[in-house]
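J.: give me the fold of what follows.
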Amino acid sequence: MKKIEVTNATQPLAAFAREVGEEPLVVTDKGKPVAMLVNLRGSDWETVSLSLNSKFMEIIEDSRRQLERRAIPLAEVRSRLGVKSKNRTSAKSAVTRQT
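T.: Numbers count the residues shown, from 1 in each chain. The predicted structure is shown next:
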């Protein structure tokens, strides 16, 4: 991660924005982070907007927690259904035989 002290950031913001690559640029004030420039090339406005929306992120995290509580491991599903676990080659050959 690149860092620059705000007092050393004498170029126009546009110059710093053009230089941001894969690594974010953190602007610090007396060593403490105050701002960050990140590369958003390839992103759309909706994605950027939603990723910064705390209510939306809360909804996503809540949904993930609910899913984790309700999820059943594959081994448990197979056990309940009485299906034996297959290795990759036998599963592939079973698909081949059906087609």
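J.: what helices or strands is the strand or helix carrying Val77 leaning on?
T.: Counting by DSSP states H and E, the element that carries Val77 is helix 74-81. Under the contact criterion of 3 or more Cβ pairs under 8 Å, 6 or more residues apart in numbering; DSSP states H and E, helix 74-81 touches no helix or strand at all. Using the backbone N, CA and C atoms, a C-beta is placed for each residue, glycine as well.
J.: what average pLDDT does it get?
T.: Within the predicted structure, the mean pLDDT of helix 74-81 is 90.
J.: so what touches that helix?
T.: Outside of helix 74-81, the residues that reach it under the criterion Cβ atoms under 8 Å, 6 or more residues apart in numbering are Val83, Lys84, Ser85.
J.: roughly how far apart are the second one and Ala15?
T.: Distance check for Lys84 against Ala15: by Cβ to Cβ, to the nearest Å, it reads 63 Å.
J.: ok, the last one next?
T.: Separation of Ser85 from Ala15 (Cβ to Cβ): 58 Å.
J.: which among the contacts of helix 74-81 count as buried?
T.: If you count burial by 16 or more other Cβ atoms under 10 Å, none of those comes out as buried.
J.: export those residues to TSV and tack on secondary structure?
T.: As requested, the contacts of helix 74-81 are exported to TSV (DSSP: H, G, I helix; E, B strand; the rest coil):
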residue	secondary structure
Val83	coil
Lys84	coil
Ser85	coil
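J.: ok, those vs Val6, which is closest?
T.: Within the set of the contacts of helix 74-81, Ser85 lies nearest Val6; the separation is 57.9 Å, counting by Cβ to Cβ.
J.: not counting sequence-adjacent ones, nearest residue to the closest one?
T.: Once its chain neighbours are removed from consideration, Ser85 has its nearest residue in Arg78; the separation is 6.0 Å (Cβ to Cβ, 6 or more residues apart in numbering).
J.: may I have stretch 30-38 as PDB, with CA atoms only?
T.: Taking C-alpha atoms only, stretch 30-38 is exported to PDB below (Å, rounded to 0.1, in the frame of the first residue of the first chain):
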ATOM      1  CA  LYS A  30       0.600  13.300  10.900                       C
ATOM      2  CA  GLY A  31       0.900   9.600  10.100                       C
ATOM      3  CA  LYS A  32      -2.800   8.800  10.500                       C
ATOM      4  CA  PRO A  33      -4.900   7.800   7.500                       C
ATOM      5  CA  VAL A  34      -7.500  10.400   6.400                       C
ATOM      6  CA  ALA A  35      -8.300   9.500   2.800                       C
ATOM      7  CA  MET A  36      -7.600   6.800   0.200                       C
ATOM      8  CA  LEU A  37      -7.600   6.700  -3.500                       C
ATOM      9  CA  VAL A  38      -8.400   3.300  -5.100                       C
END
